[in-house]
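Trainee: sequence and predicted structure below; questions after.
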Amino acid sequence: MVPRVCIVLALFATLIRPPALAEARFVAQTPAISATSALLMDARTGRVLYALAPDIRRPPASTTKMLTALLVAEALSPDTLVPISRRAAVERSGAAIGLEVGERWTAGELMRAMLMHSANDAAVALAEAVAGSVEEFAQRMNARAQALGARNSNFVTPHGRHNPQHYSTAHDLALIGRESLRAPWIAKIARSQTWKLHGKLYRGRRRTRLVINTNSLLWRYPGADGIKTGWILESGPCLVASATRGGWQLIAVVLNTRTQGQSFRDAAALLDFGFGEFTRVRAASRGEVVGTISIPNARWPLVVAAAEDAMVVAPRNATVSRSIQLTKSRAPIARGEAVGALVLTSGGVEVGRVPVVAAEAIPSRWLLGRVWQWLRGLVNSGE
């Protein structure tokens with residue numbers, strides 16, 4: 001009998017090498033940045049590719065508006081009309097779009113004003129539209145952040161103006177930015193360079209205002225497609241940036257850089273590091289047989305197949321090892337039944353895992369014996 005411990009642990013391993021990659025050992029060139037905290041994340045998997053003080057709490061400034069936008073996108077439609085309250089209209093400190101009491105703006109217009117121009121008055125108006133008050137909205141912000149795994153943050157306002165109890169981290173902001181970009185409404189705005197805001201009538205003509213996205217990487221960095229700038233005195237310049245090349249999206253967070261311009265340079269350095277030092281590897285394809293394993297009380301070995309495509313991010317010049325961990329190791333097992341996971345590692349670090357299923361049914365020896373005895377009984381009774 002095969003020992004159970006041998007089945008539950010890694011039962012086989014094989015190496016997958018990215019095509020056309022050399023055998024040289026991977027040595028990362030650490031990006032030179034000025035930020036106090038920073039992080040680089042693969043947007044699809046959430047894998048962290050670089051981190052500098054990722055869990056240090058800092059004022060997030062207007063990067064807060066990513067979470068505000070996420071809650072708005074989950075509650076409203078772009079055509080929803082939002083009445084402007086006095087509280088929103090008097091929010092003129094910092095960036096503002098100039099809302100007036102009694103106006104009605106669409107949520108789409110307010111979202112663009114908030115994400116592109118970083119308008120604090122638009123953030124307050126949207127928060128009230130979603131939750132009825134800023135205070136109730138802040139509670140929803142914290143609940144949503146917790147659900148995303150951003151558990152080292154606390155949000156008090158929808159815009160990020162300074163409050164000692166309002167803080168986040170580079171890691172948490174990357175998680176929030178990643179989820180925000182999954183909303184098509186937010187992603188479209190985040191990659192927009194300019195927007196023509198058609199305002200109120202003036203001397204018989206409707207005023208048109210050109211709103212320019214505060215994220216200058218959209219012009220300067222190939223593939224840049226988001227997401228939010230931030231700056232207050234207490235935070236220093238901040239930026240959550242994203243870029244996509246060949247269908248591969250990375251998210252870079254830099255907090256408390258030396259200058260506003262340096263925040264863009266730091267983010268670009270992180271993105272360059274990610275696209276230059278890492279590569280995507282298809283470690284397995286959906287339906288691919290990835291192992292054959294002997295298990296107790298089974299008539300024949302268990303054939304295991306990947307339940308989905310396994311795309312992982314690994315350092316260039318490195319190998320990706322794969323092993324199977326079973327969660328079910330005794331027959332009977334039905335065809336297509338989940339039986340564990342294909343675990344993918346590179347340099348001793350787990351870089352991904354996908355579920356595995358039985359490629360064919362596995363009856364137990366005991367069950368086959370009972371069926372055989374039943375059939376023999378039928379034959380004998382017929383005689």
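Mentor: Perfect, thanks for sending it. Residues are numbered from 1 along each chain as shown.
Trainee: ok, residue 344 - contacts?
Mentor: With contact set as C-beta atoms under 8 Å, 6 or more residues apart in numbering, residue 344 has these partners: 283, 310, 312, 320-322, 350-354. Any C-beta I mention is one placed from the backbone N, CA and C, and that applies to glycine too.
Trainee: where does pLDDT dip in the stretch 101-250 of the chain?
Mentor: For the stretch 101-250 of the chain, the stretches flagged by pLDDT under 70 are 200-206.
Trainee: just the strands in it please.
Mentor: 104-106, 194-202, 205-212, 224-230, 238-245, 248-255 (DSSP state E, counting those that start in this stretch).
Trainee: from residue 185, how far out is the residue nearest the centre of the chain?
Mentor: The centre of the chain sits closest to residue 178, judged by C-alpha atoms, centre = their mean, with a distance of 3.3 Å. Distance of residue 178 to residue 185, computed by C-beta to C-beta, to the nearest Å: 16 Å.
Trainee: with residue 346 instead?
Mentor: 35 Å.
Trainee: repeat for residue 272
Mentor: 29 Å.
Trainee: can you pull out the helices in the stretch 101-250 of the chain?
Mentor: Here the stretch 101-250 of the chain has its helices, by DSSP state H, counting those that start in this stretch, at 107-116, 120-131, 134-148, 170-181, 184-190, 217-220.
Trainee: residue 88: which element?
Mentor: Taking DSSP states H and E as the definition, residue 88 sits inside helix 86-89.
Trainee: helices or strands next to that helix in the packing?
Mentor: For helix 86-89, the packing partners by 3 or more C-beta pairs under 8 Å, 6 or more residues apart in numbering; DSSP states H and E come out as helix 120-131.
Trainee: which outside residues touch the helix or strand harbouring residue 280?
Mentor: Per DSSP H and E, residue 280 falls inside strand 278-284. The contact list for strand 278-284, computed with C-beta under 8 Å, 6+ apart, reads 16, 18, 21, 49, 248, 290, 306, 309-316, 320, 322, 342, 344, 352, 354.
Trainee: just the ones of these in strands?
Mentor: 16, 49, 248, 290, 306, 310-315, 320, 322, 342, 344, 352, 354 (DSSP state E).
Trainee: hmm, back to that, who has more neighbours out of residue 272 and residue 185?
Mentor: residue 185 (19 against 16; other C-beta atoms under 10 Å).
Trainee: my read: the more buried one touches residue 107, true?
Mentor: No - Residue 185 is not in contact with residue 107 according to C-beta atoms under 8 Å; the separation is 9.2 Å.
Trainee: quickly list what's touching both of the two.
Mentor: Jointly contacting residue 185 and residue 107 under the rule C-beta under 8 Å, 6+ apart are residue 78.
Trainee: OK, contacts around residue 176?
Mentor: 66-67, 70, 145, 148, 150, 168.
Trainee: and which of those residues is nearest residue 77?
Mentor: Of all the contacts of residue 176, residue 70 has the smallest distance to residue 77: 14.6 Å, by C-beta to C-beta.
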